[in-house]
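Trainee: predicted model, plus sequence, below.
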Amino acid sequence: MICEPIFKKLKVGEHVMWDDQCQAAFDKIKEVLSSPPVLSLPVAGLPLSLYLTVTDTAIRAMLAQTVDKEERAIFYISKKFLDYEVNYTPLEKSCFALVCATKKLTHYMLSYSVSVYSKMDPIKAVSDFVADNPIEETEVVDTWSFSDEDVVHVEDDVWDLYFNGASNYMGYGVGILFISPVGEHVPVSIKLDFNVTNNAAEYEACLLGLRSALDLGVKKLLILGIYIKSQSLALYKTRIEELENYFEDIQYIHLPREENQFIDALSKLDALINIPDHIDNMPICVERRSSPAYVKAIDDAKEGETEPWYTAILKFKETGEYPSDLAMRGKHALRMLSAQFIRTDDGQLYKKMAQGVLL
């Protein structure tokens, strides 16, 4: 581990003497920080590679993906061994590294095919151990009996569809949410300009979801929502059965409204909102902010100028100078904002995110 010589000096009772090893570690840290790795987003459909490295004092892992014959880093993991973990055997340390990586990268491993590369093979070691130490059973185990057999098995190419309808004194609306096999969320909401009951609104939402799924080219669908049995709604049921014939596989799960809160809120929003007669679509934009509101105190892009928004930040990181027309409050905001960025030797500016990720 790069920082190990410096960490040893920080222990209680340790004689602090800056030596050549500490200086070499410090120089290495500066080199790494001045040329930070840029992480990439994984490309859906391509396998991932997990590289595990184990030393006497720490474990490291890198998740990567090869795209167009170029290997791109996606995620880094580093952990220093605790005192008792140092006593593990090399094989135990390799298994421990795999466990740590699996816990940290669960969301990737559930969505992608992952190949593990390590000097030792922790997976083979675990399988050999299980084979050599079978569990003695006093009763015959039914291999076809599972505790979670009531859970529907979803294949990789199955889409999830959540739906809900709302009817109240303000109006009527339906909301649906698609979740693709790779975890992409596609919400859709529609306001109904005709009178429907609560039960009919649920069927309207389900029909909207089925038609939208066909438009998206979905062949396998898992539908989650509230199902109403009513003879007065037989026409809705007939239409749903007609659309079901266009899918290769379609399954239903009853989901109470309290467990379907996002779609419930979406459908109620449609019912409450008033859309003018001359407007067919009224988009709702939900943004994600990665910086606090005080950033707006910096007027880094005057009207008519073509400089990018980060010009003042980059100049401050290079020279420590403020824009000439910046007030005291703006200078304070610029200092706080600049602390969230790193400037490399080649003049590139990167945003520091959680866990050391640079964007």
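Mentor: Looks like it came in fine.

Trainee: quick check: which ranges of the chain have low pLDDT?
Mentor: 1, 12-14, 35-37, 123-156, 227-229, 257-264, 266-306, 352-359 (pLDDT under 70).

Trainee: tell me where it has strands.
Mentor: 48-54, 58-67, 70-80, 114-117, 158-168, 171-179, 185-192, 220-225, 249-254, 341-343, 349-351 (DSSP state E).

Trainee: neighbouring contacts of the third one?
Mentor: Contacts of strand 70-80 from elsewhere in the structure, counted by CB atoms under 8 Å, 6 or more residues apart in numbering, are 1, 7, 37-42, 48-49, 57-66, 100-101, 104-105, 108, 356. Any C-beta I mention is one placed from the backbone N, CA and C, and that applies to glycine too.

Trainee: what about the closest residue to residue 16 other than its chain neighbours, how many neighbours?
Mentor: Distance criterion CB to CB, 6 or more residues apart in numbering; nearest residue to residue 16, sequence neighbours excluded, is residue 9 at 5.3 Å. Residues lying near residue 9 (other CB atoms under 10 Å) number 14.

Trainee: check contacts around residue 9.
Mentor: Listed by CB under 8 Å, 6+ apart, the contact set of residue 9 reads 16-18, 22.

Trainee: just these: which are in helices?
Mentor: Among the contacts of residue 9, the members found in helices (DSSP state H) are residue 22.

Trainee: make a markdown table out of the contacts of residue 9 and add neighbour count and distance to residue 88.
Mentor: Shown next, in a markdown table, are those (neighbours: other CB atoms under 10 Å; distance: CB to CB, whole Å):
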| residue | neighbour count | distance to residue 88 |
| --- | --- | --- |
| 16 | 8 | 29 |
| 17 | 7 | 30 |
| 18 | 11 | 31 |
| 22 | 16 | 27 |
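
Trainee: now render the contacts of residue 9 as a markdown table, adding distance to residue 170.
Mentor: Below are the contacts of residue 9 laid out as a markdown table (distance: CB to CB, whole Å):
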| residue | distance to residue 170 |
| --- | --- |
| 16 | 70 |
| 17 | 75 |
| 18 | 71 |
| 22 | 69 |
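
Trainee: the strands of the chain into CSV, with extra columns for mean neighbour count and distance to residue 210?
Mentor: Output for the strands of the chain, formatted as CSV (neighbours: other CB atoms under 10 Å; distance: least, CB to CB, whole Å):
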stretch, mean neighbour count, distance to residue 210
strand 48-54, 20, 34
strand 58-67, 19, 35
strand 70-80, 15, 36
strand 114-117, 14, 34
strand 158-168, 24, 8
strand 171-179, 23, 10
strand 185-192, 17, 12
strand 220-225, 21, 8
strand 249-254, 14, 8
strand 341-343, 16, 47
strand 349-351, 15, 42
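
Trainee: any chance of CSV for these, columns distance to residue 325?
Mentor: Compiled in CSV, the strands of the chain are given as follows (distance: least, CB to CB, whole Å):
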stretch, distance to residue 325
strand 48-54, 49
strand 58-67, 45
strand 70-80, 41
strand 114-117, 53
strand 158-168, 51
strand 171-179, 47
strand 185-192, 43
strand 220-225, 56
strand 249-254, 60
strand 341-343, 22
strand 349-351, 22
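
Trainee: residue 203: which of the ones you listed is closest?
Mentor: strand 158-168 (7.4 Å; CB to CB).

Trainee: tell me what angle that closest one forms with strand 220-225.
Mentor: 30 degrees (axes from the mean of the first three to the mean of the last three CA atoms, to 10 degrees).

Trainee: strand 158-168 pairs with which strands, parallel or anti?
Mentor: strand 171-179 (antiparallel), strand 220-225 (parallel) (DSSP bridges).

Trainee: can you put those strands in JSON lines and add distance to residue 205?
Mentor: JSON lines is the format used below for the strands paired with strand 158-168 (distance: least, CB to CB, whole Å):
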{"stretch": "strand 171-179", "distance to residue 205": "4"}
{"stretch": "strand 220-225", "distance to residue 205": "7"}
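
Trainee: to residue 346, which of the ones you listed lies closest?
Mentor: Nearest of the strands paired with strand 158-168 (CB to CB): strand 171-179, 40.3 Å.

Trainee: so how far is that closest one from its chain's centroid?
Mentor: How far strand 171-179 lies from its chain's middle: 23 Å, per CA atoms, centre = their mean, to the nearest Å.

Trainee: only alpha carbons, please: show that strand as CSV.
Mentor: Presented in CSV, the C-alpha positions along strand 171-179 are these (Å, rounded to 0.1, in the frame of the first residue of the first chain):
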residue,chain,number,x,y,z
GLY,A,171,-59.7,15.0,-11.8
TYR,A,172,-58.5,11.7,-13.1
GLY,A,173,-55.0,10.4,-14.0
VAL,A,174,-52.8,7.3,-14.5
GLY,A,175,-49.1,6.7,-14.0
ILE,A,176,-46.8,3.9,-15.1
LEU,A,177,-43.1,3.2,-14.6
PHE,A,178,-41.0,0.9,-16.8
ILE,A,179,-37.7,-0.6,-15.4
